[in-house]
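Enquirer: build the 3D model from these lines:
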Amino acid sequence: MTENGGLEVIGVGAMNLDYICRVEKTVDDGETTVTDFIPCPGGSAANTIYGLARLGIKCGFIGAVGNDTEGRKLLRSFKTAGVDVSRIRVKSGVRTGVAFCFSDRKGRRAIYLLPGANNLLSNEDVDTAYLNSSRMVHLSSFVNDEQLHMQIEMVANLAKSVRLSLAPGMLYATRGLKSLAPLLERSHIVFLNQEEIKMLTGKDFRAGAEVLLNSSCEIVVVTLGKGIALRGGRRLNSYIRTRETEYQVSGVAREMEDIESTGAGDAFACGFLFGVLKGKPLDECAVLGDVMARSVISTPGGRKGFLTLKQLEKAYYRYTGKLL
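Expert: Alright, predicted model coming up:
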């Protein structure tokens, strides 16, 4: 056993309390009606780590919260799932990060961030030995330059045996390839959606994936929302590119109306990484990701839709006819 008790995946990213608001329509200048309002734990890497822990993967997290009710709620959510919280720092004199998420019936979203304690996470809070005793580190974005530089230094000190998974999100995608180069060149897997890879590379998802492979990352995973129509009535739900091959993956049937898409990408990463950790082929990993994402967006309240292992096994069999 390692010092951390044999953790398989450690997440590093922002920790926020999300306030998810359903609105009639998102507006640039005007007013609209809020039809529903749900507070729930959030943060991209935090959501993915929570989901992996629910599946029985031993996980830990490095992050920061304030000494307040919101911070205690985030810690409690992690503890309930079995995530090791020993490296999460409680910062005094600052509130826990908050994200205000507005989404409408057409799937359009607007997210406003108040970073709070996330802005105080520093190199001194990063336990390199803790990270290096895991199998994988999963990163997501912060708002400020200081935390990006912290992650770059952290990645430079990772043991070669530790695989790096990166979900840059739109916050990091807008910074461009040059700023993210130290992370991309060390990444085993990079997760992006169609809009993010366009922002990061200036190209469509196929050409953009090639650009990222040239940046030395090994696997590029692009999620495509509700999918792209293909011949024969099929829909392309995700695209995976490695140096050797590409996978065009048709996911599970999209039968339900999306109730709330916040966290869908985090859930996809959760299912995909679970498959990777279990040695599944990459196209099967993508189907696992799609199954998990479908569950999350069909259940209001952020993390409520993350499946347990038994639930994932049943859903996977229902959609594919295969045992997990």
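Enquirer: tally of neighbours for I240?
Expert: 21 (other C-beta atoms under 10 Å). For every residue, glycine as well, the C-beta is placed using N, CA and C.
Enquirer: hmm, I was thinking of K91
Expert: 20.
Enquirer: ramachandran coordinates for it?
Expert: phi -100, psi 130 (degrees, to the nearest 10).
Enquirer: then I20 would be within a helix, right?
Expert: No: according to DSSP: H, G, I helix; E, B strand; the rest coil, the state of I20 is strand, so it is not within a helix.
Enquirer: shouldn't it be in contact with F37?
Expert: Yes: if you go by C-beta atoms under 8 Å, I20 and F37 touch, sitting 7.4 Å apart.
Enquirer: tell me which of the two has more neighbours.
Expert: Counted by other C-beta under 10 Å, I20 and F37 do not tie: I20 has more neighbours, with 23 against 10.
Enquirer: identify the bridge partners of the more buried one.
Expert: I38, C101 (DSSP bridges).
Enquirer: how close does it sit to F274?
Expert: Distance from I20 to F274, counting by C-beta to C-beta, to the nearest Å: 24 Å.
Enquirer: measure stretch 295-311 end to end?
Expert: 10 Å (C-alpha to C-alpha, to the nearest Å).
Enquirer: for that stretch, give the mean pLDDT please.
Expert: Mean pLDDT, computed over stretch 295-311, is 88.
Enquirer: in that stretch, what's buried?
Expert: S295, V296, I297, T299, G301, G302, R303, G305, F306, L307, Q311 (16 or more other C-beta atoms under 10 Å).
Enquirer: any chance you could list what contacts that stretch?
Expert: Residues from elsewhere that reach stretch 295-311, judged by C-beta atoms under 8 Å, 6 or more residues apart in numbering: 18, 20, 36, 38, 40-42, 47, 50-51, 54-56, 77, 256, 258-264, 266-267, 270, 291-292, 315.
Enquirer: may I ask which helix or strand encompasses P41?
Expert: strand 34-42 (DSSP states H and E).
Enquirer: do Y130 as well
Expert: Applying DSSP H and E, one finds Y130 within helix 128-132.
Enquirer: right, and the helix or strand after the longest helix seen in the chain?
Expert: Looking across the chain with DSSP state H, the single longest helix is helix 282-297. Using DSSP H and E, the helix or strand that follows helix 282-297 in sequence is helix 309-320.
Enquirer: with that, I have no additional questions.
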